[in-house]
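# prediction below, plus the sequence it came from.
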Amino acid sequence: MRAVVLGDEHTVYTFRLMGFEGKVVGENEDVLSLIKELSLEEGVGAILITSDLADRVREDFDKLRLKMRKPMLIEIPSLKEMKFREVNYLTILRSVLGI
């Protein structure tokens with residue numbers, strides 16, 4: 001099972017260093033289309049999306065999150081947000097992976 005991270009370059013590259021797949025999402029890219037494309041790929045069990053991206057399409061993201069059974073859509077803080085609050089990525093990853 002694969003987990004894919006969508007977000008800014010710092011967050012995506014950090015997760016890639018930990019072995020995750022990821023895609024840097026630009027300002028003009030359609031976040032919902034990316035989520036839907038990934039959900040159709042074989043083996044994708046979780047899509048981790050940074051809060052700033054989810055906020056861009058909040059209403060539709062929340063609806064999609066409730067509707068989709070697989071893959072799980074998990075909102076995570078970006079590394080930029082870490083400046084403002086403490087984030088324990090290990091705890092987030094463990095919950096995603098069910099460890």
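Great, that's in hand.

# how near is Glu75 to Val31?
Glu75 is 12 Å from Val31, where distance means Cβ to Cβ, to the nearest Å. Any C-beta I mention is one placed from the backbone N, CA and C, and that applies to glycine too.

# now list whatever residues contact both of these two.
49, 54 (Cβ atoms under 8 Å, 6 or more residues apart in numbering).

# quick one: the strands in the chain?
Along the chain, counting by DSSP state E, strands occupy 2-7, 21-24, 44-50, 72-76.

# show me what the last one is packed up against.
For strand 72-76, the packing partners by 3 or more Cβ pairs under 8 Å, 6 or more residues apart in numbering; DSSP states H and E come out as strand 44-50, helix 51-56, helix 58-67, helix 89-97.

# let's see it at 6 Å
strand 44-50 (3 or more Cβ pairs under 6 Å, 6 or more residues apart in numbering; DSSP states H and E).

# one more: the third one?
When contacts are defined as 3+ Cβ pairs under 6 Å, 6+ apart, strand 44-50 sits against strand 2-7, helix 31-40, strand 72-76.

# from these, which stretch is densest packed?
When the helices and strands packed on strand 44-50 are scored by mean count of other Cβ atoms under 10 Å, the highest mean neighbour count falls to strand 2-7 (a mean of 22).

# if we can go back for a sec, as a markdown table, the helices and strands packed on strand 44-50 with mean pLDDT and distance to Asp52 would be great.
Shown next, in a markdown table, are the helices and strands packed on strand 44-50 (pLDDT from 0 to 100; distance: least, Cβ to Cβ, whole Å):
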| stretch | mean pLDDT | distance to Asp52 |
| --- | --- | --- |
| strand 2-7 | 93 | 7 |
| helix 31-40 | 90 | 10 |
| strand 72-76 | 88 | 10 |
